[in-house]
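>>> Okay, structure incoming, though there's no sequence with it:
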């Protein structure tokens, strides 16, 4: 259980890091959508390892195959299955952890929960699973694009290096121009240097990915439990290494007064209703109000480090987990397309759910 | 859609602020659980308005009636329906907002989404809905208690007044001894005074509720999308006025190095596996590891204030929303039992889901 | 678990035969639908006991109360909760079966499954639960009516008395004119006399309810597991006492050849595509083709009879279950509105699901 | 939507008849189950085309590949993905129906619903999809076998040739000894000859598959909407060409009196509770009572015949659909493993659901 997300635009991922491959089935994608394999591939490439010296050197082509749901370049409304074969399966790299529990990984909890685990590369708990999400997210993005909705994420913090600007003052088109995916080139360079130093120490560091969704019409989202920000939060927190989520004014908003925080409505020259501020982050009562939706996602330092660590083995004996293999010193650059993918999937689902709101 | 939470321990709430009443149906509560109406009532009383001068003066008895699912003092495994009648329905207080959209409420988004809304007191979007959650949460708590799991929340921040201590150094048994529900009596007094001042200004302020879950065995939770912290995050973000969620090291964790953040495993004298630190917040790979689960929830200042505000009406014309009626200057004291309730519901559901993990 | 039906138009029932009452929550009914309490009441009246001397003499007003989801005569898109209080709770009638298992009831299986049961009147397994379905079905019917879709059921068999005519040759407007709800008045009289004789013997007999749905546009339904006839089948089989379901040519169709059974397409004078025959029962590949949808539902003789029966008690000792209290000698007359209600709920759900099919 | 079945043991199929392949993802299979690829293959072989001259001559190896969820011969609790490549994709055989609607196929309804369809071999609506179900069913069977539950289906009727014996008097071990899968060898021969004659005429004929499930403990199943027989009914009706479902006494039971139909309880010599008759088909109130579960499934004559048929094309013009290609003159012999697979999936799901019934 747990490998399915969404109510109508519904994705189910499968696969382990070092098994035959990973994949995703999307059931509920509407028919008639253009299917663009090049775009899916380009999104996968944004996520794949080995992009620069500050990401893991594990080499995977991350090429996908379409098994179903597409005919003559269009979606048919039936389940779309995509698979990505595993290639660089150096399973022997992991032999040393077959009987040990790596600190802050899922080795121990999977072992307790299931009594068995595919220990190779973390198996199902590996971040490799997110490639399947990115592939599905590319299809969701295509659907949203046809509706005028765009999703853009970027790195806004690495360690203590924090972009101070709001998204509105940044040139987000610069995001993909550097290896860190920070839209401010000078900050990007600082972040790169910092991560590279961490890499050389065999250590890792966390960061924050910010995301902006533009063009969402008012009325998407659902009340009560399935509020748009609750689903966005769940989707983001489901990404490996995520420790926190906030939208709109977020944690900083708690210190504001209601008279400062409330977003006054006004009518613009074109006659549209807007808000003067956007502390609501584009969502009120769980439903989009037509303003930009924005949120921030906190990623911990990845658990794999190139240092020896104290642990126990499956028998409960003291063990030293050795630091070897390959690792990502900072996950946020590669997390950018994953955050976008999950956001797109959440929005696509709400778009379809909303169709049933009125008679 | 959107009014149901949970996969096995599944709650569905219904009702509006000023309709006949609100309620909840719990389908999936196991049979044979002691049903304790006094405990449910005491939990409702913790949430109800009018507790002190820093909460809204709206008066509701919040007495519940059991319609089904209980026989001779035990749950029977069939749906448990509870209703709470609305009493203090001063609908005329809301006549002035029938055609106006209150800033940062859900008036506008509901109107756009549904083309109709029960404007009295916010209708379905009112925080009154959370009383139904608290009733269901009391049953979830009873289930968890029988398993040795306890859930305790408290106010850790109001405006800029922030408790600096970690939960482990606090005496959480003090939480209910003051109106703010802050376990540090001196800080509680400061918070009280601050909120009372805000109240006199007719304004509101936000805050943070922290929550600790003790006694969870290792192995609860699910991988990938339904990670325990993802479900906790969704559940918390679904509570009215919540803007952010973090667990374990949270947003602060991003600045740590992996070598600092990783939780080393060790074996205690009794032979149990534990971690030396708990940045993981008791959850690894989405599954509990047996350590304390803890998280923080950010609440914005409530949108209802006793001041006039710029807005538009249903025709898009400029309108001034007048500040009148009753309001909560700070929602967090009453949010404490709601956070606990939702956490208990999430955990109860994972407990039941976990039963199917192994053959 | 098990008390919820539907994916978008989603009903959850609760309540026991002799508890405080029964009810239903409908989440997913679109906003803006006229809410017609008189129609709901009239549907409940069609189902209620005591309508004639061939139905149980248990007296219940079956008056419902609306708790939520309706404002100024319209649905608001939020959950609609309806409750029906229990009145004629002669619990002492059931004291003699507190420790015994009535043959072919659910007493034994509930006891084994849950270790506890509300034995009064069958508790949750009582057909009284279907009143909640009928109330929800009335709302579904109103939705369908606004789309030109009508649902009509009738009794087509009682014991061996079987209507030989196809539905197309019957005057279905006659159905409600007799106590049996058989549209052929002469057959209705025979059935009435037969049931009345069975009643006098303290026995019961089964029957068949046929149902026709007219006006469904082509394209409703889903492929593979959620085929329209699969959902209709599930919905019908979930009604108390149902033993079989067939649609279109049904069991008789197995003896036909493909060349006889296939429904040739043609274009009518108005340019619409139709089929020359309708062995498909209006559904092809699980999706409506625009022809009439029709199906048959088999009901066993109800298990409550006024005769002593061999059984065991909770300790496994031999027991004689005595025939006393009140009973329905034949359930099908009262099952007609239940079959219609469930069919309407299935169709309403497919209508809403279909909105998401195309981009 | 519609391609997922089950609540805990949850299967999602994908794939079209003439695309790259078909497959299934099983999420919710418990960990620690022996994974037996040979058994899965043998089940697929029972379903595959070309087994004898009375089944379609389409040639498919139906070899499957495991992509995930299995490690060192055991299930790991993570999603199990299996794919079966399509091989004999003679798409040109179907070029003639690209623009025509074959009578009693899903061509027309898919076209209306989705505005596009993969017409090759019926695309998603092809019975080839059932191979994925059979693979998943084999895993469910393995799970059930470990619990002492067995599922056995057989052909009990072809056209008007009907086995008169009850299952209890048949030697079901004979089922696989003939091409028809009828446990009575003499009847099997008659059926074979009859089907072979139909085949020579280029026509098709329907039939009935009966199924018996032995060893189910009392207490599996859920009340109200998810009754065990309601889920079995849905699962069976979701199989291509199925027109009806009945369990226990079924449609014949309607003519019995309650005093005849009720299953008296008694205690056997070993002290177990049993029923003297089993008109209930092993299910009371939707929950198993420990007796044999048995049911019958009606299959129509398959729609593909080798004869010219009247139809219309996509423009609504008159068209003649030509009878060419390959066809199954009678689907029931190959349907036997499909019925078993779906029954096993339903039971496996109820087994896992039942774990959460009691505290």
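Great, that's in hand. Quick caveat: nothing in here was measured; it's all calculated off a predicted structure.
>>> Contact partners for the nearest residue to residue A:52 once chain neighbours are set aside?
Nearest residue to residue A:52, sequence neighbours excluded (CB to CB, 6 or more residues apart in numbering or on different chains): residue A:179, at 3.9 Å. C-beta: built from backbone N, CA, C; applies to glycine. By CB atoms under 8 Å, 6 or more residues apart in numbering or on different chains, the contact set of residue A:179 is A:51, A:52, A:54, A:55, A:188, A:192, A:333.
>>> out of the residues you listed, which are buried?
When neighbours are counted using 16 or more other CB atoms under 10 Å in any protein chain shown, the contacts of residue A:179 contain these buried positions: A:54, A:55, A:188, A:192, A:333.
>>> isn't the first one right up against residue A:180?
Yes - contact criterion CB atoms under 8 Å: residue A:54 and residue A:180 qualify, at 7.3 Å.
>>> Can you pull the residues that touch both of these two?
A:192, A:195, A:333.
>>> So the first one versus residue A:215, what's the distance?
Applying CB to CB, to the nearest Å, the value for residue A:192 to residue A:215 is 31 Å.
>>> And the second one, by the same measure?
Using CB to CB, we find residue A:195 at a distance of 32 Å from residue A:215.
>>> neighbour-wise, which of the two wins?
Counted by other CB atoms under 10 Å in any protein chain shown, residue A:195 and residue A:215 do not tie: residue A:195 has more neighbours, with 27 against 15.
>>> for the more buried one, what are its contacts?
A:54, A:158, A:180, A:205, A:329, A:330.
>>> where's it, which helix or strand?
helix A:185-200 (DSSP states H and E).
>>> buried set for that helix?
A:187, A:188, A:191, A:192, A:194, A:195, A:198, A:199.
>>> Same check on stretch A:75-87?
Residues of stretch A:75-87 classed as buried: A:75, A:76, A:77, A:78, A:79, A:80, A:81, A:82, A:83, A:84, A:85, A:86 (neighbour count, 16+ other CB under 10 Å).
>>> cool, and stretch A:309-326?
A:309, A:311, A:312, A:313, A:319, A:321, A:323, A:325, A:326.
>>> Quick check: bridge partners of the fourth one?
For residue A:313, the beta-bridge partners under DSSP bridges are residue A:100.
>>> can I assume it is in contact with residue A:319?
Yes - Residue A:313 lies in contact with residue A:319 (CB under 8 Å); the separation is 4.3 Å.
>>> show me what contacts residue A:280?
Per CB under 8 Å, 6+ apart, neighbours of residue A:280: A:248, A:249, A:263, A:289, A:291, B:104.
>>> mind checking pLDDT for the residue of the stretch 151-300 of chain A found nearest chain B?
Residue nearest to chain B within the stretch 151-300 of chain A: residue A:285 (2.3 Å; CB to the nearest CB). On the pLDDT scale, residue A:285 is placed at 98.
>>> repeat for residue A:88
As predicted, residue A:88 sits at a pLDDT of 63.
>>> next one: residue A:55
78.
>>> secondary structure class for it?
coil (DSSP: H, G, I helix; E, B strand; the rest coil).
>>> if we take the contacts of residue A:195, which one ends up nearest to residue B:304?
residue A:158 (39.3 Å; CB to CB).
>>> residue contacts, that closest one?
A:180, A:182, A:191, A:194, A:195, A:205, A:206, A:207, A:330, A:332, B:254.
>>> redo that, cut-off 6 Å
Taking CB atoms under 6 Å, 6 or more residues apart in numbering or on different chains as the criterion, residue A:158 is in contact with A:191, A:207, A:330.
>>> and what of residue A:354?
For residue A:354, counting by CB under 6 Å, 6+ apart, the contacting residues are residue A:220.
>>> So what does it have for phi and psi?
Per-residue torsions, residue A:354: phi -70, psi -20 (degrees, to the nearest 10).
>>> re the thing from before, can you tell me which two in the buried ones among the contacts of residue A:179 are farthest apart?
A:55 and A:188 (14.4 Å).
>>> ok, residue A:236 to residue B:233 distance?
Per CB to CB, residue A:236 is found 8 Å from residue B:233.
>>> swap that for residue A:257, please
Taking CB to CB, one finds residue A:257 at 26 Å from residue B:233.
>>> same check, this time on residue A:117
Residue A:117 is 25 Å from residue B:233, by CB to CB.
>>> So the two - more neighbours on which side?
residue B:233 (30 against 27).
>>> what's the pLDDT at that one?
Value for residue B:233, per-residue pLDDT: 98.
>>> Can you work out which residues contact both of residue A:313 and residue A:319?
residue A:100.
>>> Who are the contact partners of residue A:144?
Applying CB under 6 Å, 6+ apart, the residues contacting residue A:144 are A:344, A:347.
>>> That one belongs to a helix?
Yes - per three-state DSSP, residue A:144 lies within a helix segment.
>>> where's it relative to chain D, distance?
Distance, residue A:144 to chain D, by CB to the nearest CB, to the nearest Å: 19 Å.
>>> quick one: the helices in the stretch 101-250 of chain A?
Secondary structure of the stretch 101-250 of chain A, counting by DSSP state H, counting those that start in this stretch: helices at A:107-114, A:129-145, A:185-200, A:228-237.
>>> From the structure, what's the count of residues near residue A:269?
Residues near residue A:269, counting by other CB under 10 Å: 5.
>>> what does residue A:277 give?
15.
>>> still on that earlier bit, can you tell me the closest non-neighbouring residue to the residue of the stretch 151-300 of chain A closest to chain B?
Computed as CB to CB, 6+ apart, the closest residue to residue A:285 that is not its neighbour in sequence is residue B:106, at 2.3 Å.
>>> Test my guess that that neighbour contacts residue A:284.
Yes - contact criterion CB atoms under 6 Å: residue B:106 and residue A:284 qualify, at 5.2 Å.
>>> Give me the more crowded residue out of those two.
Shown here are residue B:106 and residue A:284; by other CB under 10 Å, residue A:284 has more neighbours (30 against 27).
>>> If we ignore the residues flanking it in sequence, what's nearest that one?
Counting by CB to CB, 6+ apart, the residue nearest residue A:284 is residue B:109, at 4.8 Å.
>>> Sounds good, over and out.
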